[in-house]
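Novice: Please work out how this folds:
(chains A and B)
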There are 2 protein chains.
Amino acid sequence: MMVSKSDLRFMSKAIDLSIENVKQGGGPFGAVIVKNGKIVASGVNRVTANNDPTAHAEVNAIRKACKKLKTFDLSDCVIYTSCEPCPMCLGAIYWAHIGHIYYGNTKDDAKKIGFDDSFIYSELEMRKEDRKLNTTQLLSDEAIQVFEKWDSFENKTKY
Amino acid sequence: MMVSKSDLRFMSKAIDLSIENVKQGGGPFGAVIVKNGKIVASGVNRVTANNDPTAHAEVNAIRKACKKLKTFDLSDCVIYTSCEPCPMCLGAIYWAHIGHIYYGNTKDDAKKIGFDDSFIYSELEMRKEDRKLNTTQLLSDEAIQVFEKWDSFENKTKY
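Specialist: Numbers count the residues shown, from 1 in each chain, chains lettered A, B, ... in the order given. Have a look, this model is predicted:
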């Protein structure tokens, strides 16, 4: 894997954002999204500041990039994040179809300073029945009818 | 696991939201968040409608519930979702500390109608090196310094 000077510059920017965010009362996480060698959006962790558990740096950067580019598909973009994405953010990166992740700290580094990423990763790998989080299926006969209707619907937008 | 009439009513509401959302041009997904036997927030899938790949029913419901209750901690809440959460939404549910998930359709049902949940689950279970999504670590020495600084910082808000 070739790493360019631009890659280092963008990662450095993500790390700078994480430093700045701690000064602003947020968590130590920053991310930038880049298209054609230019930053289109950045994000920092605002979970506690905004009362929003989904407001991680990567999710915020994705939402801003999509708004700016007027699309839900960032397949021509890459993301630089100061820490390896948690499962929520990694899921968001897949849904946005971002092509490459560059990260600084690992999820194990995050665990060492008290963030739960590793616990969530381990839960996701388990069968639902074995997870700490209780999960119960209800009304499957009613629910499946909506999917069947959607499947036969002609004008749906795929993503 | 005891299922109450209320549980069925809340799941029925989540399914109704998913039906209504298809009529409104969204995906076939709905969710409600309940605290003390009352719905505090609901969400539907607005990915294509809002150009926001993170706008799944569960994420939207969590964001609305947190805003309404002025907290980032929903540990006294449960969620009813018309489909088993994708990894992004499941991650969000863990971060919000929601205590119980009730779901209608499974992730395999979602796969059958063209949604990528199963692919993302399988990617998350792999080692980074084996995933389809390229992942590269950069500037780890610089990044870790921010975590070390955070760790020694007295006034941080844990979550």
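Novice: The lowest-mean-pLDDT helix or strand in chain A - contacts with which helices or strands?
Specialist: Every helix and strand of chain A was ranked by mean pLDDT, DSSP states H and E. The lowest is helix A:117-125, at a mean of 89. Helix A:117-125 sits against helix A:87-96, helix A:107-112, helix B:87-95, helix B:117-125, with contacts defined as 3 or more CB pairs under 8 Å, 6 or more residues apart in numbering or on different chains; DSSP states H and E. Any C-beta I mention is one placed from the backbone N, CA and C, and that applies to glycine too.
Novice: those helices in chain A, which residues are they?
Specialist: For chain A, the helices defined by DSSP state H occupy A:5-23, A:47-50, A:57-69, A:87-96, A:107-112, A:117-125, A:140-151.
Novice: Quickly check: the first one near chain B or not.
Specialist: Yes: using CB under 8 Å from any CB of the partner chain, helix A:5-23 reaches chain B at A:Asp7, A:Leu8, A:Met11, A:Ser12, A:Ile15, A:Ser18, A:Ile19, A:Val22.
Novice: Just the buried subset of those residues, please.
Specialist: Buried by 16 or more other CB atoms under 10 Å in any protein chain shown: A:Asp7, A:Met11, A:Ser12, A:Ile15, A:Ser18, A:Ile19, A:Val22, out of the residues of helix A:5-23 next to chain B.
Novice: how about the nearest residue to the fourth one, chain neighbours excluded?
Specialist: By that I understand A:Ile15. A:Ser82 (4.9 Å; CB to CB, 6 or more residues apart in numbering or on different chains).
Novice: Could I get the buried residue list for stretch A:55-71?
Specialist: Buried, per 16+ other CB under 10 Å, within stretch A:55-71: A:55-63, A:65-66, A:69, A:71.
Novice: ignore the last one, stretch A:23-43
Specialist: A:26-34, A:39-43.
Novice: which ones among those residues are found in strands?
Specialist: Counting by DSSP state E, the buried residues of stretch A:23-43 place A:Gly30, A:Ala31, A:Val32, A:Ile33, A:Val34, A:Ile39, A:Val40, A:Ala41, A:Ser42, A:Gly43 in strands.
Novice: Centre of chain A to the edge, which residue is at the far end?
Specialist: A:Asp141 (32.3 Å; CA atoms, centre = their mean).
Novice: Check the gap between the residue nearest the centre of chain A and chain B for me.
Specialist: Central residue of chain A (CA atoms, centre = their mean): A:Cys89, 2.1 Å from the mean position. As judged by CB to the nearest CB, to the nearest Å, A:Cys89 and chain B stand 7 Å apart.
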